[in-house]
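Asks: please work out how this folds:
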Amino acid sequence: MDGGDGMSVPPANDLESRSTALERWRLVLGRFAKKQLPGELGSQQQRMEAALDYLYSREYRGRGMREGDPSRGGGDEGSQFTIPSWLSEVRELFPQETIEVIEKHALERYEMKELVTDAETLAKLEPNLDLLKTLLSFRGHLKGEVLNQARRIIRHVVEEIRKRWESEVRQALSGKLNRFRHSPLKAAQNFDWRTTLRRNLKHYDPERKAVVLHEQKFFSRNTRHLPWDVILCVDQSGSMAESVIHSAVMAGIFAGLPSLRVKLVVFDTNVVDLTEHAEDPVEVLMSVQLGGGTDIARALGYCEKLIEQPRRTVFVLVSDFIEGGSASAMLATVKRMKESGVTLLGLAALDANAVPVHDPQMGQKLVEAGMEVAALTPKQLAGWLARITSLR
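Replies: A predicted model of the protein is given here:
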């Protein structure tokens, strides 16, 4: 397009594209790029820049730069924020996926502990798995109203995880289909299409060329009358955060099944028996604090005393296998449990992705002592349990 003076003028949409790119670079580089990148940001972009600067200017402080350093074009644009007002601004200005990233950086990268130790601030945070992991790390610092807010977040996240896995876990552990008996309970996985079709042939509609289903049939499932004992022994070390959370949810699901009796133990250098709370993942997680040392041998020694029927007991150790106690004592306990008839499983990960972070050498020694070792999703653990319990 010719501007009339021999100069080429970019199309309007090209100018808009360049303007958008410039604004994005200003937001990425922060206020220190103000002199190098010409042009003014709009009012909303200025608010976004100030909100981002309130958090990410900490990167410069970490490198020894003073706030408001004139040689870097610094100022005090972010100083008007308190943490609650900053959170409100972030929530108003950015999309949900960006909010989650910003909150995660604030907690993990810049250690803004005020986010989880101030009730007003915590009330504004979006409940998610990363926030829950952080709350568990700071569990010892949560008091008063903060504890109530933490409970709300834990309950929300636990319910989301339960919704994702419960039906599949229950299906895997509810027994095999009984094809000689029908059930009034309507579940898609139990649908008997042959009998349903046969019973409804008389309702064939010639005009629609379809069978109209007036009656639907569903198989019942065989149930196991002799329950199995499942002992979940869960490592509270920091690397096991997601596994701790999923273990609490799985304990709650297992505890609701008549075919299983659940015992739940968590440990670091100490051992805490949470069996009385196994049905309630929220109470379990309110009792957990991530971090600290690890004494697997002590935890196994305690769990060994809980065994009543070795040949109908499944022992599940959820851990990174990084032993801070006596490795020889740990392996000796595993061997004794195996020889008594206990089925043993070591899980280096129990979560949605099943990606282990563990000591592989110690994992191999546990295998040699008689323990199966794996990294599983909740559905895979349920399938493994179903296979084991159906063999006896």
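
Asks: any weak-confidence spans in the stretch 51-200 of the chain?
Replies: 60-79, 175-193 (pLDDT under 70).

Asks: what's the closest non-adjacent residue to Arg162?
Replies: Closest residue in space to Arg162, ignoring its immediate chain neighbours: Val249 at 5.5 Å, by C-beta to C-beta, 6 or more residues apart in numbering. Every C-beta, even on glycine, is put in place using the N, C-alpha and C of the backbone.

Asks: how deep is the one you found tucked in, by neighbour count?
Replies: 25 (other C-beta atoms under 10 Å).

Asks: right, and the helix or strand after the helix or strand encompassing it?
Replies: Secondary structure assignment for Val249, by DSSP states H and E: helix 241-255. Using DSSP H and E, the helix or strand that follows helix 241-255 in sequence is strand 260-267.

Asks: what element comes up after that following strand heading to the C-terminus?
Replies: In N-to-C order, the element after strand 260-267 by DSSP H and E is strand 271-273.

Asks: quick check: buried residues in that next one?
Replies: By 16 or more other C-beta atoms under 10 Å, the buried positions in strand 271-273 come out as 271-272.

Asks: name all residues that make contact with Asp320.
Replies: 235, 237, 239-240, 294, 348, 356-359 (C-beta atoms under 8 Å, 6 or more residues apart in numbering).

Asks: grab the nearest non-local neighbour of it.
Replies: Leaving out its chain neighbours, the residue that sits closest to Asp320 by C-beta to C-beta, 6+ apart is His358, at 4.3 Å.

Asks: for Ala119, same thing?
Replies: Glu145 (3.9 Å).

Asks: equivalent analysis for Val169, please.
Replies: Counting by C-beta to C-beta, 6+ apart, the residue nearest Val169 is Ala382, at 4.1 Å.

Asks: state the distance from that neighbour to Val265.
Replies: Going from Ala382 to Val265 by C-beta to C-beta, to the nearest Å gives 20 Å.

Asks: where in the stretch 251-392 of the chain is pLDDT low?
Replies: 391-392.

Asks: which stretches of it form strands?
Replies: Along the stretch 251-392 of the chain, counting by DSSP state E, counting those that start in this stretch, strands occupy 260-267, 271-273, 313-318, 343-350, 372-376.

Asks: nearest to Ile83, out of the ones you listed?
Replies: Distance to Ile83, taken as C-beta to C-beta, is lowest for strand 260-267 among the strands of the stretch 251-392 of the chain, at 31.3 Å.

Asks: just want the angle from the closest one to helix 241-255.
Replies: 150 degrees (axes from the mean of the first three to the mean of the last three C-alpha atoms, to 10 degrees).

Asks: quick one: strand 260-267 to chain centroid distance?
Replies: 20 Å (C-alpha atoms, centre = their mean, to the nearest Å).

Asks: listing partners with orientation, what would you give for that strand?
Replies: strand 228-235 (parallel), strand 271-273 (antiparallel) (DSSP bridges).

Asks: brilliant, that's me finished.
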